[in-house]
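Chemist: sequence? don't have it. structure:
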Ligand SMILES: Nc1nc2c(ncn2[C@@H]2O[C@H](COP(=O)(O)OP(=O)(O)OP(=O)(O)O)[C@@H](O)[C@H]2O)c(=O)[nH]1
């Protein structure tokens, strides 16, 4: 029962959170939750009626065993209904949680989720040692794509790049949309050399997208990368991110379409 109460209180908190007020699932969850409450009220009413009914049965001289069986069936029915609604609420809750960690345009994990994964990776480093690499990737001259071909084409390009990057890394790497036209790639258990060779492949894939998404004669799509290695679990996350960001900044300064190690 405690679990159910916790779930209900969690849903109430989510519904009251202004951050989700405009979320497409907010209204659906609110209606479902109200329905669930109404069902609970109905079950309580049924329960009260059942109690009165049982009193009447007693008057008619039913045996204790028969009365017990009747009551048991009532309870089983109520539990079944209640379980069904609890499961529905749990599924909705899980879906809401999943959506809140995704970027709507690209379907990639969002910045919030990337930060959670980065903190987890630092904790893992503290427990078992090793290393990981972090890369920030930024689409070059993306503004000119929006300006030249329109925002919709810009959105499609971002979606296609996101797809190309996430398909090009391992399952346990993280490819997230860091914001705007910037992506974050986290490579657990990887050296700089290993990541460099992955980036060669990713850059080639992104280059191919130009021909598929932009008119003939358009400048090719390229990305600039800032890459950094982390071995020290005690290093603050901000410092690691700043190193990757500085390296990315240098990559832009060096004429773009390149990888700089920071
Ligand atoms: N279509 C689209 N454009 C976006 C989105 N997010 C950010 N942008 C655009 O991305 C562009 C980024 O422009 P800048 O920061 O000047 O960078 P840039 O043109 O890529 O130039 P460099 O990074 O210096 O190579 C801006 O025009 C933003 O409006 C989005 O979700 N969709």
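Modeler: Received, thanks. No experiment lies behind these values; they were computed from the predicted model shown. Numbering: from 1, shown residues only.
Chemist: doesn't residue 144 make contact with residue 153?
Modeler: No. Counting by C-beta atoms under 8 Å, residue 144 is not a contact partner of residue 153; they are 11.4 Å apart. Glycine gets a C-beta too; all of them are placed from N, C-alpha and C.
Chemist: okay, these two: which has more neighbours?
Modeler: Comparing residue 153 with residue 144 by other C-beta atoms under 10 Å, the one with more neighbours is residue 153, at 16 against 12.
Chemist: I'd like the next helix or strand past the host helix or strand of the more buried one.
Modeler: With the criterion set as DSSP states H and E, the secondary-structure element containing residue 153 is helix 151-167. Secondary structure here is assigned by DSSP H and E; on that basis, the next helix or strand after helix 151-167 toward the C-terminus is strand 174-179.
Chemist: List the buried residues for that following strand?
Modeler: Neighbour-count burial for strand 174-179 flags 174-178 (criterion: 16 or more other C-beta atoms under 10 Å).
Chemist: same thing with stretch 5-23?
Modeler: Under 16+ other C-beta under 10 Å, the buried positions of stretch 5-23 are 8, 11, 14-15, 20.
Chemist: As JSON lines, these with pLDDT would be great.
Modeler: Supplementary listing: those in JSON lines, determined by pLDDT from 0 to 100:
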{"residue": "8", "pLDDT": "86"}
{"residue": "11", "pLDDT": "89"}
{"residue": "14", "pLDDT": "89"}
{"residue": "15", "pLDDT": "91"}
{"residue": "20", "pLDDT": "87"}
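Chemist: What is the nearest of those residues to the ligand?
Modeler: Nearest to the ligand among the buried residues of stretch 5-23 is residue 20, at 20.6 Å by C-beta to the nearest ligand atom.
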